[in-house]
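what follows is a predicted structure for the sequence shown.
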Amino acid sequence: MKDLNQLRNIGIMAHIDAGKTTTTERILYYTGVNYKIGEVHDGTATMDWMVQEQERGITITSAATACKWNKHDINIIDTPGHVDFTIEVERSLRVLDGAVGVFCAVGGVEPQSETVWGQADKYDVPRIAFVNKMDRVGADFHNVVSEIKEKLGKNATAAQLPIGAEDEFLGCIDLVEMKKIIWEDEDLGAKFEVLDLTDSETEEAQMYREELIESIADFDEELAELYLGGEEINAESLKKAIRSAVIKEGFIPVFCGTAFKNKGVQPLLDAVVDYLPSPLDIGAVAGFEVKNRDKKTSREPSSSEAFSGLAFKISTDPFVGQLTFFRVYSGEITAGSQIYNPLEDKKERLGKILKMHANKREELQSAQAGDIVAVTGLKYTTTGQTLCATNKPIIYDLMEFPETVISIAIEAKTTADEDKLAKTLEQLKIEDPSFKYMNNKETGQLLIYGMGELHLEIIVDRLLREFKVGVNVGSPQVAYRESISALASASKEYKNEVSGKAQYGYVELTVEPIEEQVVLFETDFQSREIPKEYFTAVEQGVLDSAPGGALAGYPFIGIKVTLKEMKYNDVESNEVAYTIAASMAFREACIKAGLTLMEPVMDLEIITPQESAGDVISDLNTRRGKISSMNPKADKELIKAEAPLAGMFGYSTDLRSKTQGRASFSMTFKNYEKMDNRLAKQVLEKRGIFI
């Protein structure tokens, strides 16, 4: 049995280009997993194993690996920083016990940093912070600590101090041990010296150590008493207090280094072991009873408990087929054993159990509580579903997946490709819950939907290279929605005869616009005479027809539907008749209420050189953008704005040309807003719809 106290399941998360993958590469080198260092810019990074990642120098899919440090087993998931692949961060954080947030010493808290930290807050994941790129011009460690406090709203304090910065960065001062660590450049940072502090260094370090102790004393009475009593606090007591504050109170100790220049990674590994939780620290994992979803239950992180786990990712391996990644929360599984999926009510047979090292595999005979593994052979399980023992089932919370905002039309090049395309798209949808596809009945086109231009570009690239499916690709399209502008009602009576059997249903309902961007169904009508399943059939008829819209085939949102009356015939009434009547009444009521087109609006954060800010703002105005705020940041300007997605295609290229490639931006979905009638008319006319 493994000692769970000596296990850490962690994620590396950050804004794009903060150095997550480079940091992970150094961890693998210093822990002896890799004998040489892979570099992102050379396309040789172990964790960026996809061709698309190597070409672009970015992480697209979260990759899992494992290493050992100070007699501890560490499972690491390296996550993407690009907003288009935020689903990868979400599903990884769902199953991790702790995380390392990486920040650029120059950029500080960047837009996607806020997104991933919000995701970690959602799952209450304890974190530590690593300020990377201390060798860069403009590096400012203390500014980043301040930004973590202010922008992320965290109780964050330096646990190390940098010795020098930019070209002069040599190492760091450990405020817990009160020692300095200096790295030797000759051997890729594998060797370093731990030295005593000079008098001047001690004076500065003592000041910051007191600040660290004061921050921790808020959470630890024993430490507070020692501090207020003027007693010396030793390293062991301080470590214990920091660990408790990180795990229970969300305190963030901040470390520093430069992964690319091989400095600061070993103390970061020490911090992972010393301060981030083991599965035992996290304790029992909450879930729900299968037979009564309102009743809570839990599983202790122990191999002696009944087996339970959560599938968090599905991918296709060219050698072993479909892989299901999951976290074992309790119990033990062996290769070939039978497990249960309570959400699908299906029994599954495990094939191989694999420990993954990026895209390499190590076969295991068993996996225990705390392990993160991949398995083959699962037929019914999808992302976010629970796996458990048949005799003691449990259901863990499902994950939420973001709304797609952009689509492109694709078509198979040949008949042979056509057969493969449908199967491949279904496989990609299983792998990536933020990807969707559908046939547009109005135009006959096959549309694929994603989180952004880059997301769809990668999907198309994988179709061609990985799955060998030839496709023609249209230009990107906005995923519009339809809504209504007023209150209206409609009634429908449905009579029909099928195979000599009469069908009858009568439904009257009202529709009205609401702020929430969903279709809500409520009942204002009650009858003891009418069976319950007919009420369900009416609701089903409304919700089934909502995705088809009534104007241009876009899904309905922002509508509250209220059932006002039903008529019943105890001989002829049936569920099908009520479903059809409800669908027809809903569509008619929406048309009476006045149909409107809704467009996705995006939140933008742009970091640009100050001299280019005017050009950037002018360009945003031409795209119907609205500036929310402007804040100077070092020698740059941080512009926050919102703009309709329709005006943002090709923006990255235009922004680069206007700023000589020196600006960067991130774009996230905000909400759907009603379109101006003139613009809506133009969109509809392009689709051949004239109103």
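Nice, I can see it.

mind checking how far residue 597 is from residue 543?
Look at residue 597 and residue 543: by CB to CB, to the nearest Å, they are 21 Å apart. Every residue, glycine included, has its C-beta placed from N, CA and C.

ok, residue 300 next?
Taking CB to CB as the measure, residue 300 falls 39 Å from residue 543.

rewinding a little: residue 597 and residue 543: which is more packed in?
Neighbour tally, residue 597 and residue 543, criterion other CB atoms under 10 Å: the higher count belongs to residue 597, 22 against 17.

quickly list what the more buried one is bridged to.
Legend: beta-bridge partners of residue 597 under DSSP bridges are residue 482.

for it, what are its contacts?
The contact partners of residue 597, by CB atoms under 8 Å, 6 or more residues apart in numbering, come to 480-482, 551-552, 554, 674-675, 680, 683-684.

among those residues, name the ones in strands.
Counting by DSSP state E, these place 481-482, 674 in strands.

who's in contact with stretch 668-685?
83, 86, 111, 115, 402-403, 405, 451, 480-481, 483, 485, 517, 551-552, 557-558, 596-603, 642, 644, 646, 690-691.

typo on my end, stretch 143-157
103, 105, 108-109, 113-114, 117, 129, 131, 158, 211-212, 215, 218, 249-254.

in it, what counts as buried?
By neighbour count with 16 or more other CB atoms under 10 Å, stretch 143-157 contains the buried residues 143-145, 147-149, 152, 154, 156-157.

got it, and stretch 111-127?
Neighbour counts over stretch 111-127 (16+ other CB under 10 Å) mark 111-117, 119-120, 125-127 as buried.

again, but for stretch 520-535
Using 16+ other CB under 10 Å as the test for burial, stretch 520-535 gives 521, 530, 534-535.

other residues contacting it?
Applying CB under 8 Å, 6+ apart, the contact partners of stretch 520-535 are 505, 514, 539, 542-543, 559-566, 568, 570, 573, 575, 578.

CA atoms of it as CSV?
The C-alpha coordinates for stretch 520-535 follow below in CSV (Å, rounded to 0.1, in the frame of the first residue of the first chain):
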residue,chain,number,x,y,z
LEU,A,520,-37.1,28.2,-18.7
PHE,A,521,-40.3,26.2,-18.5
GLU,A,522,-42.9,26.8,-15.8
THR,A,523,-46.5,25.5,-15.2
ASP,A,524,-49.4,27.7,-14.2
PHE,A,525,-51.9,24.9,-14.9
GLN,A,526,-52.9,22.0,-12.7
SER,A,527,-55.2,19.1,-13.2
ARG,A,528,-55.7,15.8,-11.3
GLU,A,529,-57.4,14.3,-14.3
ILE,A,530,-54.4,14.6,-16.7
PRO,A,531,-51.5,12.1,-16.0
LYS,A,532,-48.1,13.6,-15.0
GLU,A,533,-46.3,12.2,-18.0
TYR,A,534,-48.3,14.5,-20.3
PHE,A,535,-47.1,17.5,-18.4
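
check the offset of that stretch from the chain's centre.
38 Å (CA atoms, centre = their mean, to the nearest Å).

do stretch 538-553 as well
Taking CA atoms, centre = their mean, the mean C-alpha location of stretch 538-553 is offset from the chain mean by 29 Å.

residues in contact with the most centrally placed residue in the chain?
Taking CA atoms, centre = their mean, the centroid of the chain lies closest to residue 90, which sits 2.7 Å from it. When contacts are counted by CB under 8 Å, 6+ apart, residue 90 touches 119, 399-402.

which pair of these spans the longest distance?
Maximum pairwise distance in the contacts of residue 90, criterion CB to CB, is 12.2 Å, between 119 and 401.

circling back: and the contacts of residue 597 as a markdown table, adding distance to residue 395, pLDDT and neighbour count?
Formatted as a markdown table, the contacts of residue 597 follow (distance: CB to CB, whole Å; pLDDT from 0 to 100; neighbours: other CB atoms under 10 Å):
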| residue | distance to residue 395 | pLDDT | neighbour count |
| --- | --- | --- | --- |
| 480 | 35 | 89 | 25 |
| 481 | 31 | 92 | 22 |
| 482 | 34 | 93 | 23 |
| 551 | 39 | 87 | 19 |
| 552 | 39 | 86 | 20 |
| 554 | 34 | 88 | 23 |
| 674 | 39 | 93 | 15 |
| 675 | 41 | 91 | 20 |
| 680 | 43 | 88 | 20 |
| 683 | 42 | 85 | 18 |
| 684 | 44 | 86 | 17 |
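
now which of the contacts of stretch 520-535 would you call buried?
Neighbour counting by 16+ other CB under 10 Å classes 505, 539, 542-543, 559-563, 566, 573, 575, 578 among these as buried.

ok so, going back, in ChimeraX, how would I select just the buried ones from the contacts of stretch 143-157?
With 16+ other CB under 10 Å as the criterion, this ChimeraX line picks the buried residues out of the contacts of stretch 143-157:
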select :103,105,108,109,113,114,117,129,131,158,212,215,250,251,252,253,254
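
what is the burial count for the closest residue to residue 289 other than its chain neighbours?
Excluding the flanking residues, the one nearest residue 289 by CB to CB, 6 or more residues apart in numbering is residue 295, at 4.4 Å. With neighbours defined by other CB under 10 Å, the count for residue 295 comes to 9.

start at 752 instead
All set: I'll call the first residue 752, so the last point we hit is now residue 1046.

and residue 1046, what are its phi and psi?
Residue 1046 adopts backbone torsions of phi -100, psi 120, taken as degrees, to the nearest 10.

separation between it and residue 1206?
Applying CB to CB to residue 1046 and residue 1206 gives a distance of 39 Å.

could you do residue 1033 as well?
Applying CB to CB, the value for residue 1033 to residue 1206 is 32 Å.

what sits up against stretch 1125-1136?
Contacts for stretch 1125-1136 (CB under 8 Å, 6+ apart): 815, 842, 845, 1061-1065, 1071-1077, 1092, 1094-1095, 1097, 1099-1107, 1112, 1138, 1149-1150, 1181, 1184.

drop anything exposed from those residues.
Looks like the contacts of stretch 1125-1136 have 815, 842, 845, 1061-1065, 1071, 1073-1077, 1092, 1094, 1099, 1101-1107, 1112, 1138, 1150, 1181, 1184 buried, using 16+ other CB under 10 Å.

in strands only, show me these.
If you go by DSSP E, those have 815, 1061-1065, 1073-1077, 1092, 1099, 1104-1107, 1112, 1138 in strands.

and stretch 1175-1183, how far out from the chain's middle?
On CA atoms, centre = their mean, the centre of stretch 1175-1183 falls 17 Å from the chain's centre.

also stretch 914-926?
In terms of CA atoms, centre = their mean, the centre of stretch 914-926 is found 33 Å from the chain centre.

that one: end-to-end distance?
Length of stretch 914-926, first residue to last, CA to CA, to the nearest Å: 12 Å.
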